[in-house]
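Asks: Need the 3D shape of this:
(one chain, ligands or ions: 3)
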Amino acid sequence: MSGQSLLAFLRSGSFTQKPHSEAVSATIGALAKAALEVRKLTTQGALNAGFAASRGSENTDGDIQKDLDVVADGIFLQAIREVPVALYGSEENTGAILIDPAKPLALAIDPLDGSSNIETNVSIGTIFSILPVTGDPKSDPERSFLQPGTTQLAAGFFIYGPQLALVLSVGTGTRIFIHSSKFGDFIEAYDSVAIPNNASEFAINVSNYRHWEEPIRLYVDDCFAGSEGPREKDFNMRWIASLVADCYRILIRGGVFLYPADKRKGYGSGRIRLVYEANPIAFLVEQADGAATDSVNRILDIQPTSLHQRIPLVFGSKSKVERIARYHVDPEMISERSPLFGNRGLFRV
Ligand SMILES: O=P(O)(O)OC[C@H]1O[C@](O)(COP(=O)(O)O)[C@@H](O)[C@@H]1O
Ligand SMILES: [Mg+2]
Ligand SMILES: [Mg+2]
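Replies: Ligands and ions are numbered 1, 2, ... in the order given. A predicted model of the protein is given here:
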């Protein structure tokens, strides 16, 4: 822990040598100010009239919009009008919004992640990805968002939890800044997050079990079987249904998150959006020694085809993410869980 402020970090040598560093720095600063405003609204909870209410309207993905989804979107859009951002691509708007074609950056954002949890007082957040503008932002505003995640200049999320924290990477490790009311700023609490490899927690919405493909079922079956199965150890399960909260836990404690494709209508590519959810999370996780895939392929290498594209997402401790990929591609993984490994199997005696 270095204890430096966010501002000091954004001005430090490890950051200023990056491309567009001044513009990226100003953008992160503006997002941090806006997050403080959103934080104020989230702390009011049900005291905030209309706050948890559903608007009855749907966003681009068919999710019911909550009042706070839309209010948060407005706060972030307003905040970045003051900084060098040309394009704003948000979960809450159909297309990319052109702000100023002369500016160098494109901001992809999930203004409020986990919003189905608002009224239950569970941690929610804001996920963002900062990309360089490509092509002509006037004639093709979406193009800048259709770059693989490897091109991200910075990525992060704010989490409105017991602590207000910013998890941030500019490509030199993953850092966590916690907002200190004493100092009136975000202060670095972890300067180099490293996801532990030996955790025994997995996070998945098991209510979808019957809709999953075989490899995911087998992986979860093996976790359920615990010390009596091929893994020969017991596992613990967590599912917060708030990507930022599940990700924060994995960054600190290790484990794995899965939102796979499933057979429900509209879930053929899972639920998580590639451009403003999976890509920034994958960037943070890789920079913290973890891995992130679409079950098999590296998320950051995937070529997006649309702003709101969904993608299956698996991320966390590297060895676990690799293991899940093997359940998809390696027939030996299936034989490994044969009855030979069961209670009375050869390998248990
Ligand atoms: O309700 P489900 O299907 O378990 O999905 C939960 C997932 O959906 C999300 O809430 C999607 O994000 P939004 O709230 O921004 O739509 C993730 O945060 C979370 O991991
Ligand atoms: Mg989300
Ligand atoms: Mg959202």
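Asks: any idea what sits nearest residue 169, other than its immediate chain neighbours?
Replies: Nearest residue to residue 169 in three dimensions, chain neighbours excluded: residue 287, at 4.2 Å (C-beta to C-beta, 6 or more residues apart in numbering). C-betas here are computed from N, CA, C, even on glycine.
Asks: Relative to residue 105, how far out is the one you found?
Replies: To residue 105, residue 287 is 19 Å away according to C-beta to C-beta, to the nearest Å.
Asks: between those two, who's got more neighbours?
Replies: More crowded of residue 287 and residue 105, by other C-beta atoms under 10 Å: residue 105, with 24 against 20.
Asks: which residues touch the more buried one?
Replies: Neighbouring residues of residue 105 by C-beta atoms under 8 Å, 6 or more residues apart in numbering: 20, 23-24, 27, 84-87, 130-133, 153.
Asks: Rounded mean pLDDT for the helix or strand residue 86 falls within, please.
Replies: Under the criterion of DSSP states H and E, residue 86 resides in strand 85-90. Model confidence over strand 85-90 averages 98 on the pLDDT scale.
Asks: Can you list the strands that it pairs with?
Replies: Partners of strand 85-90 in the sheet, by DSSP bridges, are strand 97-98 (antiparallel), strand 105-113 (parallel).
Asks: Could you export the longest one as PDB, keeping only the C-alpha atoms?
Replies: Same thing as strand 105-113. Included here for strand 105-113 are C-alpha records, laid out as PDB according to Å, rounded to 0.1, in the frame of the first residue of the first chain:
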ATOM      1  CA  LEU A 105     -11.000   9.200 -26.500                       C
ATOM      2  CA  ALA A 106     -14.100   7.000 -26.500                       C
ATOM      3  CA  LEU A 107     -15.700   6.000 -23.200                       C
ATOM      4  CA  ALA A 108     -17.700   2.800 -22.900                       C
ATOM      5  CA  ILE A 109     -19.700   2.600 -19.700                       C
ATOM      6  CA  ASP A 110     -22.200   0.600 -17.700                       C
ATOM      7  CA  PRO A 111     -23.400   3.500 -15.500                       C
ATOM      8  CA  LEU A 112     -25.000   1.300 -12.900                       C
ATOM      9  CA  ASP A 113     -24.100  -2.400 -12.700                       C
END
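Asks: do that strand and ligand 3 meet?
Replies: Yes - for strand 105-113, a contact with ligand 3 is found by C-beta under 5 Å from the ion, at 110, 112-113.
Asks: cool, and stretch 303-319?
Replies: No - applying C-beta under 5 Å from the ion, one finds that stretch 303-319 is not in contact with ligand 3, the shortest distance being 11.3 Å.
Asks: What average pLDDT does that stretch get?
Replies: Along stretch 303-319, the predicted local confidence has a mean pLDDT of 98.
Asks: just stretch 241-255 next, same as before
Replies: In this model, stretch 241-255 has a mean pLDDT of 98.
Asks: count of neighbours near residue 319?
Replies: Tallying neighbours of residue 319 according to other C-beta under 10 Å, which is how burial is gauged here, yields 14.
Asks: my guess is it contacts residue 195, does it?
Replies: No - counting by C-beta atoms under 8 Å, no contact exists between residue 319 and residue 195, whose distance comes to 10.4 Å.
Asks: quick one: buried residues of the strand holding residue 86?
Replies: Neighbour-count burial for strand 85-90, counted by 16 or more other C-beta atoms under 10 Å, picks out 85-90.
Asks: The helix or strand containing residue 221: how far from the chain's middle?
Replies: Taking DSSP H and E as the definition, one finds residue 221 inside helix 214-225. For helix 214-225, the distance from its own C-alpha centre to the chain's C-alpha centre is 24 Å (C-alpha atoms, centre = their mean, to the nearest Å).
Asks: after it, next one along is what?
Replies: Next along from helix 214-225, by DSSP H and E: strand 236-237.
Asks: picking that back up, return the most buried member of the strands paired with strand 85-90.
Replies: Of the strands paired with strand 85-90, the one with the most neighbours on average (mean count of other C-beta atoms under 10 Å) is strand 105-113, at a mean of 28.
Asks: okay if I get the residues of strand 105-113 next to ligand 3 as CSV plus pLDDT?
Replies: As requested, the residues of strand 105-113 next to ligand 3 are arranged in CSV below (pLDDT from 0 to 100):
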residue, pLDDT
110, 98
112, 96
113, 97
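Asks: and of those residues, the nearest to residue 3?
Replies: Nearest to residue 3 among the residues of strand 105-113 next to ligand 3, counting by C-beta to C-beta, is residue 113 at 27.8 Å.
Asks: so that closest one bridges to which residues?
Replies: Taking DSSP bridges, one finds residue 125 as the beta-bridge partners of residue 113.
Asks: these two touch, right, it and residue 240?
Replies: No - in this structure, residue 113 sits apart from residue 240 without contact. The criterion is C-beta under 8 Å, and the distance is 10.9 Å.
Asks: returning to that earlier point: in a markdown table: the residues of strand 105-113 next to ligand 3, plus distance to ligand 1.
Replies: Conversion of the residues of strand 105-113 next to ligand 3 to a markdown table gives the following (distance: C-beta to the nearest ligand atom, whole Å):
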| residue | distance to ligand 1 |
| --- | --- |
| 110 | 5 |
| 112 | 6 |
| 113 | 4 |
